[in-house]
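**Q** sequence unknown, structure follows:
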């Protein structure tokens with residue numbers, strides 16, 4: 001992994017965190033109790049992370065407009 005390119009693993013984490021902060025926006029999402037487990041199961045059934053699943057759903061809705 002990226003850790004091998006750095007002498008100190010903290011430097012690798014800092015690089016990753018800085019990259020993510022620059023390239024991505026973070027959104028906090030609240031769902032009704034129990035819905036998180038349903039989302040996790042649907043994402044797993046599609047062999048994707050919860051983040052990828054939610055992003056795909058958002059992209060599908062944005063493409064419809």
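**A** Everything's here; your move. All figures in this text were calculated on a predicted structure; none of them were measured in a lab.
**Q** show me where pLDDT drops low in the protein?
**A** 1-6, 65 (pLDDT under 70).
**Q** spatially central residue in it, please.
**A** Nearest residue to the geometric centre of the chain (C-alpha atoms, centre = their mean): residue 51, 3.7 Å.
**Q** tell me what the stretch of helix or strand that one belongs to is packed against?
**A** Assigned by DSSP states H and E, residue 51 belongs to helix 50-64. For helix 50-64, the elements it packs on are helix 35-45, judged by 3 or more C-beta pairs under 8 Å, 6 or more residues apart in numbering; DSSP states H and E. In short, each C-beta sits where N, CA and C put it, glycine included.
**Q** just want the angle from the helix it packs on to helix 50-64.
**A** Relative orientation of helix 35-45 versus helix 50-64 (axes from the mean of the first three to the mean of the last three C-alpha atoms, to 10 degrees): 90 degrees.
**Q** still on that earlier bit, so which bits of the helix holding residue 51 are buried?
**A** Residues of helix 50-64 classed as buried by neighbour count (16 or more other C-beta atoms under 10 Å): 53, 54.
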